[in-house]
Structure formats: structure tokens, C-alpha cells
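Enquirer: structure for this input, please:
(one chain, ligands or ions: 1)
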Amino acid sequence: MATAASPHSILLKTPSTATPKAVFPVATRLPTAALKPISIRCAATTQIQDPRPPPPPPPAAAQERVCNFAAGPAVLPENVLLKAQSELYNWRGSGMSVMEMSHRGKEFSSIIQKAESDLRSLLEIPPEYAVLFLQGGATTQFAAVPLNLCRPDDPVDYLVTGSWGDKAFKEAQKYCKAKVVWSGKAEKYTKIPSFGDVEQDPDAKFLHICANETIHGVEFKNYPVPKNKSGLLVADMSSNFCSKPVDVSKFGVIYAGAQKNVGPSGVTIVIVRKDLIGNAQGITPVMLDYKIHADNASLYNTPPCYGIYMCGLVFEDLLEQGGLKEVEKKNKNKAELLYRTIDDSKGFYRCPVEASVRSLMNVPFTLEKSELEAEFIKEAAKEKMVQLKGHRSVGGMRASIYNAMPLAGVEKLVAFMRDFQARHA
Ligand SMILES: Cc1ncc(COP(=O)(O)O)c(C=O)c1O
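Expert: Here you go, the predicted model:
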């Protein structure tokens with residue numbers, strides 16, 4: 001074995017009982033000067049440089065965006081993305097990204113407070129309602145709503161106009177006596193009943209609706225008046241949240257996943273009348289208890305900070321556009337153009353939903369020649385229009401045209417649809 005003077009060679013040659021001979025001089029006692037308190041200043045005067053070369057600028061193709069008709073997560077406003085990009089590395093001179101901030105620090109407090117206050121302005125949320133920024137998606141609210149609003153033996157009414165309402169009902173059955181008072185299943189979820197025809201239980205704790213069925217493209221244009229004694233209406237507004245003005249005072253609870261109209265997935269917004277808070281069933285997990293979150297201003301545990309920041313940017317953008325009345329006008333315009341193209345196609349395209357309840361957000365349609373559907377999707381993708389395939393449970397096509405889909409995106413789609421029809425009719 002070579003007798004190189006490395007620490008390893010010394011260890012190898014030294015019997016385990018012997019004290020290894022030190023290669024480097026080690027001070028056995030610290031000099032007294034070293035025991036003096038040292039003051040370390042964190043505000044470094046020298047810029048800490050990453051020794052690696054900066055990444056090359058992205059190729060031009062990486063800058064190109066598609067027309068994204070996804071149902072969610074979905075398109076976000078381009079100016080919001082660019083603003084987030086410009087603030088990603090160092091949020092407004094804080095020296096940190098929002099992703100790196102303490103959720104209890106002053107910077108993030110200002111972000112979440114501004115997000116809440118802008119949302120309150122947008123929806124004109126009355127002061128007697130709490131706004132909660134939660135996690136777990138709207139799916140978690142399917143359980144949280146009955147857990148917070150009723151006892152296990154309480155009857156509750158569900159008006160089921162699509163798959164999401166049905167899922168909400170099925171989950172609620174675990175926590176209360178949930179009953180379907182009307183279901184559109186037999187008609188493939190293409191309708192909303194006239195409310196007078198729906199028999200409601202006067203003892204029901206609340207009536208639940210899904211304000212916009214994302215998969216089936218069915219949207220309530222006005223809301224049923226609950227006939228239960230407490231007069232409570234609860235709505236899943238995941239896929240039309242902030243797409244138009246809503247009279248919040250008509251609802252006990254409104255909940256929505258953010259990832260369609262107002263931000264990335266991971267944030268769930270709950271707007272709940274304050275007098276309904278504090279009655280959760282004993283088995284309710286703390287993370288589902290509205291009182292825990294309301295008492296802690298949505299900061300009971302670590303919230304989805306970056307997602308809330310993004311929602312805040314979207315709320316600012318919606319206010320800058322002139323608020324939800326303006327946003328609704330734009331949404332109507334886009335939806336009318338698309339539905340007109342479908343209806344004027346002489347049956348080449350078909351939307352199965354009854355005209356009066358067609359969604360402004362999710363437009364499902366089929367092709368008369370269903371064998372052409374795959375070709376339609378393929379050709380559209382070549383033209384950079386993506387995510388047009390209908391939900392796997394219903395097939396066909398679906399164009400989701402949320403707030404952030406520009407009119408130009410819908411114009412491009414309808415031009416393509418007309419051209420496709422001309423070539424394949
Ligand atoms: C209307 C509606 N409700 C509930 C959900 C479920 O939301 P999440 O995936 O956030 O739990 C969705 C998802 O697309 C939806 O569209």
C-alpha cells in the first residue's frame with residue numbers, strides 16, 4: 001500500500017486503539033479572543049453571486065402561447081402572468097420571492113389582506129360574510145359544508161344539474177341526511193328545472209346547487225329561493241366564480257376552487273355568512289372547521305401563499321377591467337359568438353344544453369359526424385388551440401372560455417370551426 005500522507009492513509013495504517021496522529025494542527029483550547037461575542041450582520045454588503053453562468057434566454061418557441069380552452073387549471077390573464085414573472089425573484093424590493101416569505105410576516109399579511117379586500121370590492125361582499133382562503137379544492141367543501149352547517153340527522157336538499165352537484169350530494173350523505181330534490185341525470189344534465197316544480201323539504205338545513213356545471217355546460221341564470229325554514233342556499237361556484245356579479249346576500253355559503261377563473265389550483269375560496277360559523281359537528285377535522293379558519297384569518301396553518309398572491313393579482317386585474325359587470329359583458333360576447341357558430345352550423349355542430357341555461361364559461365358541443373371529432377381536435381392543436389376534448393365522461397368537445405380567454409381566442413376558434421365545417425360537411 002502506498003504511504004501517501006493523506007488522512008485516510010493514516011487511519012488505515014493506525015491500529016484502532018491508537019490515537020490517530022493529527023495531520024493538521026488542531027487547537028486544543030480556543031484562544032480567549034474567540035470567546036468574545038461576535039456580531040454578524042445579515043445585511044451583506046457584498047452581493048452573493050451564484051458562480052454558475054445565468055441560464056440562456058428561452059428560445060422564441062418558449063415565449064409563444066397557445067389558445068388554452070382547458071376546463072381547469074385554465075388560462076390566466078397574460079398581464080397577470082407577466083407581473084408575477086417580474087416579481088417572482090424579488091417581490092417589490094422585499095429581497096424575497098412570495099414563495100419564500102413567512103405567511104405571518106408583514107409582506108404576506110399585506111398580500112392576503114389586499115386579496116381579500118379586492119375580492120370584497122369585486123363581489124360587493126357584505127361585512128356579515130367571512131372570506132376564507134383554504135386548501136383541498138372544492139371537493140373538500142363537499143364535506144366541509146354539511147360538517148359545518150348541520151347535524152348528522154338533519155335533512156338537506158340537493159338540486160343536481162350535473163356531475164359536480166352529484167358528487168357534492170354523494171359526499172354529503174356521509175355527514176347528514178342528504179336528498180336529491182331534482183336531478184337532470186335522465187336528460188343527460190342538459191336542463192335546469194323551473195324552481196316552482198321542485199319540491200323542497202321545509203326542514204332541510206340548506207339547499208345546495210352547483211351554479212355552473214363545468215362538464216355539462218349548464219349554468220343557473222337566476223337562483224332558486226330556498227323553501228327551507230332557515231332559508232339557506234349554498235352554491236359551488238367553482239367554474240363561474242367572478243365571471244359576473246352575484247348577490248352574495250342570497251347565499252349562506254359560496255365556495256369555489258380558484259383554478260378556473262381566479263388563480264392557480266391549490267386555493268379554495270369560501271364566502272360564508274358569519275352567523276353560520278361555529279356550529280361544526282364534533283367529528284369535523286380542524287382543517288375543515290370554518291371557525292378555526294375565520295378566527296385565524298385563513299392563517300391557522302401555512303396557507304397556499306403563492307396561489308393566494310396570484311389570486312390577488314387576478315382580482316386587481318378584474319377591478320382594473322372595470323369590475324364584474326364589464327367582465328360579464330365580455331363573457332357574454334364571447335359565449336354568444338361561439339353558440340351562434342354552433343347553432344348556425346345546420347347541425348354540423350350541436351350543443352346539447354337547453355338554450356336558456358347554456359354556460360358562459362364551458363361550451364360543450366358535438367359533431368354530427370362523430371368520427372371527425374379526433375380530427376377536429378388534432379387540426380385545432382396544430383393551430384395552437386388546445387384542450388378542446390370534452391370530459392371523458394361525456395365525450396365530444398368542450399371549449400372553456402373563462403374570463404382570461406380573450407375574444408381573439410374565441411374568434412380564432414370559430415374561424416377554425418367554420419373552415420373545418422366547409423372542408424368536412
Ligand atoms: C363545478 C366544480 N365543482 C367542483 C370541482 C372540484 O374541484 P377541485 O378539483 O378543486 O376539488 C370542479 C372541478 O373541476 C368543478 O368544476
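Enquirer: when you work out contacts or count neighbours from here on, use the C-alpha atoms and nothing else.
Expert: OK.
Enquirer: ranges for the helices of the stretch 301-425 of the chain?
Expert: All helices of the stretch 301-425 of the chain, identified by DSSP state H, counting those that start in this stretch, fall at 305-320, 324-343, 373-382, 407-424.
Enquirer: what's the mean pLDDT across the first one?
Expert: What that stands for is helix 305-320. In this model, helix 305-320 has a mean pLDDT of 98.
Enquirer: in that helix, what counts as buried?
Expert: For helix 305-320, a neighbour-count test (16 or more other C-alpha atoms under 10 Å) marks 305-319 as buried.
Enquirer: is the nearest residue to Val314 once chain neighbours are set aside in a helix, a strand, or coil?
Expert: Excluding the flanking residues, the one nearest Val314 by C-alpha to C-alpha, 6 or more residues apart in numbering is Val262, at 5.8 Å. For Val262, the secondary-structure state derived from DSSP: H, G, I helix; E, B strand; the rest coil is coil.
Enquirer: what pLDDT is listed against Val262?
Expert: pLDDT for Val262: 98.
Enquirer: highest average neighbour count across the helices of the stretch 301-425 of the chain?
Expert: Mean neighbours per residue, mean count of other C-alpha atoms under 10 Å, is largest over the helices of the stretch 301-425 of the chain for helix 305-320, with a mean of 22.
Enquirer: any part of it near the ligand?
Expert: No. Interface with the ligand: helix 305-320 contributes nothing (C-alpha under 6 Å from any ligand atom), its closest point being 12.9 Å away.
Enquirer: does anything pack onto that helix? Which helices or strands?
Expert: Contacts defined by 3 or more C-alpha pairs under 8 Å, 6 or more residues apart in numbering; DSSP states H and E place helix 305-320 against helix 78-87, helix 106-123.
Enquirer: who does the first one touch, helix- and strand-wise?
Expert: Contact partners of helix 78-87 among helices and strands, from 3+ C-alpha pairs under 8 Å, 6+ apart: helix 305-320.
Enquirer: and the helix it packs on, how far out from the chain middle?
Expert: How far helix 305-320 lies from its chain's middle: 12 Å, per C-alpha atoms, centre = their mean, to the nearest Å.
Enquirer: Throw the helices of the stretch 301-425 of the chain into CSV and include distance to Arg350, thanks.
Expert: Listed next are those as CSV, based on distance: least, C-alpha to C-alpha, whole Å:
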stretch, distance to Arg350
helix 305-320, 32
helix 324-343, 6
helix 373-382, 12
helix 407-424, 12
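Enquirer: now the helices and strands packed on helix 305-320 as TSV including mean pLDDT, mean neighbour count and distance to the ligand?
Expert: Formatted as TSV, the helices and strands packed on helix 305-320 follow (pLDDT from 0 to 100; neighbours: other C-alpha atoms under 10 Å; distance: least, C-alpha to the nearest ligand atom, whole Å):
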stretch	mean pLDDT	mean neighbour count	distance to the ligand
helix 78-87	97	14	21
helix 106-123	98	18	19
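Enquirer: can these go into a markdown table with extra columns for distance to Val363?
Expert: Listed next are the helices and strands packed on helix 305-320 as a markdown table, based on distance: least, C-alpha to C-alpha, whole Å:
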| stretch | distance to Val363 |
| --- | --- |
| helix 78-87 | 22 |
| helix 106-123 | 24 |
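Enquirer: if we compare those, which one ends up closest to Cys242?
Expert: Cys242 lies closest to helix 106-123 among those, at 7.3 Å (C-alpha to C-alpha).
Enquirer: which residues touch the helix or strand following the closest one?
Expert: Later in the chain than helix 106-123, the nearest helix or strand by DSSP states H and E is strand 129-134. Contact partners of strand 129-134, identified using C-alpha atoms under 8 Å, 6 or more residues apart in numbering, comprise 116, 267-274, 293-294, 297-298, 303-304, 308.
Enquirer: one more: stretch 216-232?
Expert: Contacts of stretch 216-232 (C-alpha under 8 Å, 6+ apart): 161-163, 189-192, 195, 200-207, 211-213, 233, 251-252, 353, 357-364, 394.
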